[in-house]
Every structure is written in structure tokens, then in C-alpha cells.
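Colleague: can't give you the sequence, but here's the structure:
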């Protein structure tokens, strides 16, 4: 029976060993077995127990497994088992789905502890890196998973070990080139963990050609239509680029931005948006935002923005923006992405202003977006995204600000009412019954006035029609009317949101614009309303409104030009002291910066609110509050005498600034004139050199024509001499009478030779014909009796024929040569008509014809010489005028040099005057310091001057 139980596998009657005992026995087998098969079986058994008995296997077997990795490298199977076992020990990914919180926390602590044990010896991580170079799938894949879980548990420590390991990062980069997709995809996950929050490793990975490989993988997987692998690659790209200026610059310089454009080429049929495609496109948009984030250095952001416009990426994003059927979250993220691509980039802002929605009639994209912003039925996050887009469009864009404000001015409003403008939408949102629309429209309009004093003055011209029969009121008056009504109007949403938005608009409008302050104070109800709001003891939710009212009243004091007698600075300060109290006023003013939502809005430009009730402050407005809070506090506590002294100092400084500005403008104009004159002198020098070159060429041409003229004159004299001695057959064109007779004799001789040769040729031809006929006659006459003799005669005749043929060929060559010589002689005779036959009258007629031709040619040459002489005279006149111009310019140059010397003398006098003024300013500053007043530094004054100059330049450009 025992034998049967042993064979059949029945359980023995004794007690079963526990899991810890079994693990101990297996560890002993791994440590003591000499056969590789036994150790492999033991490690395989440990792997199967490692998930259920994770703690026991980790405590007892980790050292043995590490020893296996060191000693049994030649056997890939046991190495794979050992790596899988270590992964099961360290990983926190348990198979059980239901776990309580305590069990989960214990599991995480256990994995972290085992990771610390593993990386305590850095050689273990280095050894693991060497196994990643193995091509065997059963070794490489478990090694990738093990290193990934080590990075999840103890990321910074493992990163440092890999960083100091020779070629550590390069080994991991080779995983992206693995042909097996499982290893490649897990390699991407490994690099995600490796590059988290480590700029040094991010740079190494980027310079190991990671961008090229990842973009290739995304393209191969189908861009946004790809699967989870595309998502992993995009997450890795975000790790490499986010907050890493070096990698961002490398990405841009490597022309990888251009490769992002195909990601956003969505088809016309946008009905089929899978969840994975939405996720991929969302990450792609976030990656674009990483490159143009407002937190990046301005230079890097600007270069990326320009690259995105030039490669067509911005145009592609605008196409998605105006497309139909796009999911709401993708549309929202696209709006945010477009916002940051155009923020502060004039070229991109101009393009965005030209984008039209595909509607009938076409409407600007800005108008369509504003319609969504003031529509309370649209999702909250979408409305916030549109507001951010509008803010980015107006950021440092005075041209865009002017276009928005111009849609509100009476001269540009469309009287027909066929189209809705941006200004009409903003006014509609500003006065609607939805508090969020009020706030968004007010903040958007405030951005249209940001740092643009001329537009603040122009906006005062806007008139609104309230109701039939009532006169129109200004936009400023209407805002203050709504503000004073408070909660009397039934609105949907937050109680204070509308008032906060209007106060933000008014504070932005009145700051640094004394004319707007005067218009605001001209309404006698405004100041009592503000003082009443500040003086009341309201609830906590009203603290923000009280603080903003205090800020608005402080702006009305600080930027007051005292043009209204009843609301001068002194009277307003006295009113605050009597009705509110300076300490109470300062306390209420501090409510703004102490608010939690104020701190949140000051962190980044994008409005990010989790709930519509949290919409309170704008990022740009927080900058204005930070700038004005201290200034207003100081202005409230100043006495009348201090104000007067400050006014005197300001006037003195203004006079000094005006003098400096005047002389700067004079010097600038003189410098411009001097540069223009220098350019003129240089251009005249170049013209002078060109004229001199032309004159030299003309002189050389005239000399050539002179030489030709003299030569023709000599030839003409010879021709006349020949004509006078024509009866004696004198020379013609250099041909002597002896030469003429000799040529005539040679011609006669050649004719005679030619006739002889032609006669010989005819004789030879007849002989040849005779010889051709004679063999046939002899053959027919003597064929029977004289056969042998006939053959001999025939052979002799053949030889004679060959000899004659050779002579004929030679004579033919001679004849051809003689004919060519004859043609040459005839050509010479035609070129120089020498009479070879005939009487003297024919020769005389030929000479007279030649002489008349020569006289005609001489006449034409004289005419040409006369025209050249006239041209030479005109060139001399041009040269004389150029010399006189150069002399005049030299005189002007000396005069200008004298004027420059006088200007330098005046500048020296000005410097002396400025030094005196500086001494006076220092004395006044010392007096102010003795009186306990703060004094601005000289750098601040110079920066203000520079700002004024930039503003003046901007005005001039706008006027142009």
C-alpha cells in the first residue's frame, strides 16, 4: 500500500511542511546544489511561491537570488527565473483586486523596504544594467520590468546610481530600438520613470537621440489614432521637455516642432473619437503648451511660437478650433493651447485676428469665441478657456487692443446691425443678468485697456442707450450705476462676482489716467458710495468688495490732477480721515492681497477655477494691486505740505526730464541728419567713382577712334595718289604694276596647264575604255588556238590598267588642287579688281568705282568721328559738373563738421547744466529724506523715461 501511495501520489500521514520551511529548503538547494539543473528547479519553485509568500521569499531568498545573478550568467533560463522572482518580491502590483487600506499601505512599505535592500549594494543595479544588454527575451524583458519597479519605489536613489554608472543611460536607450514591441514599449515605461524630476538624466536621454526615436514610434503607431504606446511616448516627451530649457531648445533646433504638425491633421468626419484618441490628442496639446508655457524664458517661448507659425502648426490648431464635432474637453484644451501659442507674439496675434469661422457670413474667430464666453449655457471650463484666449490675444498687443476698443466707439459701430462686433458682445456680457458673464466681460475689457493710456481716454467717448426716451449715458457712468445698485438686481450666480468684475474694470481704467479719474469724480454719487462701502462692517464675503472700493478710491486720490475743486486730493484725504479713518482704510485695502483666491490667481496667467463661485481675481490685476497698494498707503498718510513739496519736486523733475528729453530729441535728430548726410556723401563718392571709370573708358574709346581715323586718312591719301596715275596702271590698294602683270601671266599659265591636264584626262579615259573592250575581242578571236598567249597578254593588260588607274588618281588629285588654287586666285582677283584682260578703260572704270566707295566710307568715318567728339564734349561737361558737385559736398562736409563741433560744444554745456540740475535734485532728495518721505531711485526714473519714450514711439507707429 505504501508503494501504491508513493506511486499514486497520495498524501502521507505525517504533517505537511509550512511555506517558510519549503522556502528555506529551496534556498538551501540554491545555495548548496552543484548541479545547475537543481539550482534552476529551485529558483523556478521560488518564483512560483514569490507572489503568495512574498515576505518569506524576500527575506530568505534575496541574497541567494543575487548570488545566482552573479555566478550563473551563462544560463539564461535561471537568470530569467531569478529576475522574475525579484520583480514579484519588490513590485506592489498584487493580483487581488479587493484590499483594504491597511493592507495596501503595508504592501507599499514592503516593496520600498525590499528595494532599499536591493540598491544598498550599487553593484546590484550595475549588474542589472548589464543584463539589459542581453538579447535573450527571457532575460531582457524581466530585467526591464525589475528596473522599472525599482525606479517606482526609490526613484532618486536608483537614478543617481544609473547616472554614475558608465554608459548606464545609453544602455537603456537601446531598448527603444528593440524589434520586439513588448520590450520596446516597456522600455518607454522604464524611461518615463527614469526621467522624472532629474534634469541631468533628461539631458542625456535627449542627446541620445530620444526625440527622433519617440517621434518615429508615434508616427509608426498612427499619431493621434495610435494606441496606448503613443500615450506612453507622449508622457515621456513631456518628462523630457517640461521645465527643461536645454531640451526645449534642442527640440526646437532639431526641427522637431515641424514633425508635430501631422498630429493635429484630423479629418472632416470627426464623429468617431475614441477614448484613446481623445487622450492622445489631449497629451499632444499639452506637449505644445510645454514648449510655449508663460513660465519658460521669454526668448525660448518666442522662438518656439515663431517656429509653430512658420511650420503651419498654429494654422492647424485654428482649424481644429473652428471645426465641428470636436469633443468639449479637446476643444477647451485646443483653445488654451492656441492662447499660449499667440501670447505676446505679434505675428501670431495678427494671424489669429485674421482667422474666420466657417459660417455664412464669415465671422472672426474672436467674435465666435466671445459669443461662447458670454453664453451661460456653455461649459464653465470652456468659458474660462475663451477668456484666457482673449487675454493672451491682447497681451502686449496694442494693435489688437485698439481694434477691440474701436468696435465700441460711435464712429465704427455698424449701424445696420447685420453683424455682431466684439465690443457689442462685451457690453452685452457686462450688463447681462449672469454674474459670471459680467465678471468675464469686465475682465476682458480691462485687458483691452491694460497699459494703454490713449485707449482709456478713447473709451470715455463710448455712449450707451439705456431706454427709449432717455438720453444715452457713458460706459463709465453705466458701470458705476450698476455697481451702486449692488444686490438690487436679481442675478444668477455669485452675489459679489458682478461687483468684483466691475471694480476690477474701473481700477484698471482709472489707473495712470487722470482724465478718467476726473470723469469718475465728476459724478457726485461715486465718492459717497465708495466711502459708504468701505466704512460699513460687512460679512467676510464682502471683504473683497470693500478692499476693491478702497483701491478705487485710493487710485482716485493718487492719480487726481486736482482739476475738480470739490474733489481735490486734500479734500478726499480729509473725507477718508473723517468718514473711515486712515487705519481702517489701510486695513480694508489689505483685504485684497490677504484673500486666498488672490494668492491663487497671482501664481500663473491662466485662470484655473474649480468652481464658478471661486472666480474672483485676474492674474494681471494682481500685478496692478501689488504695484498700487504701497503707493496708495503712502499717499493717504501724506500731509498737505508734503504733497506740495512732492508736487514741487515732481514739477522740477518734470522740467528736468523735459529738458533732457528735448536735448535728447535734438541730439537724436542731429544724429539722424548726420547719418543721412554721411550716406549721401558715400553715395556721391560711389557715383563719382563710377563717372571717373566711365570717363576713362570713353577717353580710351576716343583714342581708339583717333587711331582708326588716322589709319583711314593715310589709306585715303594712298587711294587718291593711285587715282591720279591710273593711265599708267599704277598701284592699287598696295598692288604694284609688276605684281599685276606677274599675276596675269600666272593666271594665263594656270589656264594653259588646266587645258593640258583636261586633254590628258580625256585621252586616258578613252584609253581605259579601249583597254576594257580589247580583252573581250581577243578572247573571241583567238580562244581556240592562242589560249596561253592570250592569258599572258591579259595579265600584262591588267597590270597596265592598274598603273593607269594609279596615274589617273594622282592626276585627279592634282586637278582638284589646281582647281582650288584657281578659286583662290579668282577670289583674290574679285577682292582686288586687277584687269587681267581688256583695255585701260575697263581698268579706269573699276578704279573710279573703288575710289567712290572709299570716299563714301571716309565720309561715314568723318561723321562717326564728329559724333564721338560731341560725346566726348558731353562727358567732359558731366565730369566738370561731378567735380563741382564733389567740391560742393566737400564744402558741406566741412560745414557739417563745424556744426558737429558746435553741437558737441552745446552738449558739453548741456552736461554742465545737467550736473547742476543733478546737484539740485540730490539736494531736494536729501530734503525729502530729512522730512521722512520716500524718494525714488535714479534707475526707477530712467526706467520711467524709457517707458515714456517707448510709449511715444508706440503712438507714432500707431499714427503712421
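Modeller: Perfect, thanks for sending it. Source: prediction; values computed, not measured. Residues are numbered from 1 along each chain as shown.

Colleague: am I right that residue 256 falls within a strand?
Modeller: No. Secondary structure assignment (DSSP: H, G, I helix; E, B strand; the rest coil) places residue 256 in coil, not in a strand.

Colleague: that one reaches residue 211, doesn't it?
Modeller: Yes. Between residue 256 and residue 211 there is a contact at 5.2 Å, judged by CB atoms under 8 Å. No exception for glycine: its C-beta is placed from N, CA and C like everyone else's.

Colleague: check contacts around residue 286.
Modeller: 238, 333 (CB atoms under 8 Å, 6 or more residues apart in numbering).

Colleague: gap between it and residue 241?
Modeller: For residue 286, the distance to residue 241 (CB to CB, to the nearest Å) stands at 10 Å.

Colleague: likewise for residue 222?
Modeller: Taking CB to CB as the measure, residue 222 falls 22 Å from residue 241.

Colleague: tell me which of these two has more neighbours.
Modeller: Between residue 222 and residue 241, counted using other CB atoms under 10 Å, the more crowded position is residue 241 (22 against 13).

Colleague: what's the closest non-adjacent residue to that one?
Modeller: residue 290 (5.0 Å; CB to CB, 6 or more residues apart in numbering).

Colleague: isn't the one you found right up against residue 244?
Modeller: No. Applying CB under 8 Å as the test, residue 290 and residue 244 come out as separate, 9.3 Å apart.

Colleague: residue ranges with poor pLDDT in the stretch 201-350 of the chain?
Modeller: Segments of the stretch 201-350 of the chain classed as low confidence (criterion: pLDDT under 70) are 267-272.

Colleague: try it again at 80.
Modeller: Screening the stretch 201-350 of the chain residue by residue with the criterion pLDDT under 80, one finds the ranges 266-272.

Colleague: any idea which helix or strand carries the residue nearest to residue 241?
Modeller: Assigned by DSSP states H and E, residue 290 belongs to helix 275-291.

Colleague: what is the helix or strand following that helix packed up against?
Modeller: The element immediately downstream of helix 275-291 (helix or strand, assigned by DSSP H and E) is helix 298-310. Counting contacts by 3 or more CB pairs under 8 Å, 6 or more residues apart in numbering; DSSP states H and E, the secondary-structure elements packed against helix 298-310 are helix 245-253, helix 275-291, helix 328-342, helix 346-354.

Colleague: could you dump those helices to TSV with distance to residue 45?
Modeller: Rendered in TSV, the data for these read as follows (distance: least, CB to CB, whole Å):
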stretch	distance to residue 45
helix 245-253	47
helix 275-291	40
helix 328-342	50
helix 346-354	65
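
Colleague: packed most tightly, which of those helices would that be?
Modeller: Relative to the other members of the helices and strands packed on helix 298-310, helix 328-342 carries the highest mean neighbour count by mean count of other CB atoms under 10 Å, namely a mean of 23.

Colleague: just the angle for it relative to helix 298-310, thanks.
Modeller: Angular relation of helix 328-342 and helix 298-310 on a 0 to 180 degree scale: 120 degrees, by axes from the mean of the first three to the mean of the last three CA atoms, to 10 degrees.

Colleague: and helix 328-342, how far out from the chain middle?
Modeller: Offset of helix 328-342 from its chain centre (CA atoms, centre = their mean, to the nearest Å): 19 Å.

Colleague: which other residues reach it?
Modeller: If you take CB under 8 Å, 6+ apart as the criterion, helix 328-342 is touched by 273, 278, 281-282, 285-286, 288-289, 292-294, 305, 308-309, 313-314, 317-318, 320-321, 326, 348-349, 351-352, 369, 379, 381-382, 385-386, 388-389, 391-393, 606.

Colleague: among the residues you listed, name the buried ones.
Modeller: Buried members of the contacts of helix 328-342, scored by 16 or more other CB atoms under 10 Å, are 278, 281-282, 285-286, 288-289, 292-294, 305, 308-309, 313-314, 317-318, 320-321, 326, 348-349, 351-352, 369, 381-382, 385-386, 388-389, 391-393, 606.

Colleague: please, where are all the strands along this protein?
Modeller: Using DSSP state E, the strands of the chain run over residues 356-357, 363-364, 463-464, 473-474.

Colleague: out of the ones you listed, nearest to residue 427?
Modeller: strand 463-464 (7.1 Å; CB to CB).

Colleague: the closest one packs against which elements?
Modeller: Counting contacts by 3+ CB pairs under 8 Å, 6+ apart, strand 463-464 is packed against strand 473-474, helix 475-485.

Colleague: shaky segments in the stretch 401-550 of the chain?
Modeller: Scanning the stretch 401-550 of the chain for pLDDT under 80 picks out 410-419, 465-470, 486-495, 538-541.

Colleague: let's go with 90 and repeat that
Modeller: Under the criterion pLDDT under 90, the flagged ranges of the stretch 401-550 of the chain are 408-421, 431-433, 463-473, 481-496, 535-542.

Colleague: where do the helices sit along it?
Modeller: Using DSSP state H, counting those that start in this stretch, the helices found in the stretch 401-550 of the chain span residues 422-430, 435-448, 453-459, 475-485, 497-510, 514-522, 526-535, 543-558.

Colleague: could you dump the ones you listed to a markdown table with mean neighbour count?
Modeller: As requested, the helices of the stretch 401-550 of the chain are exported to a markdown table (neighbours: other CB atoms under 10 Å):
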| stretch | mean neighbour count |
| --- | --- |
| helix 422-430 | 22 |
| helix 435-448 | 26 |
| helix 453-459 | 18 |
| helix 475-485 | 19 |
| helix 497-510 | 25 |
| helix 514-522 | 19 |
| helix 526-535 | 20 |
| helix 543-558 | 24 |
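
Colleague: nearest to residue 694, of those?
Modeller: For the helices of the stretch 401-550 of the chain, proximity to residue 694 was assessed by CB to CB; helix 453-459 is nearest, at 54.3 Å.
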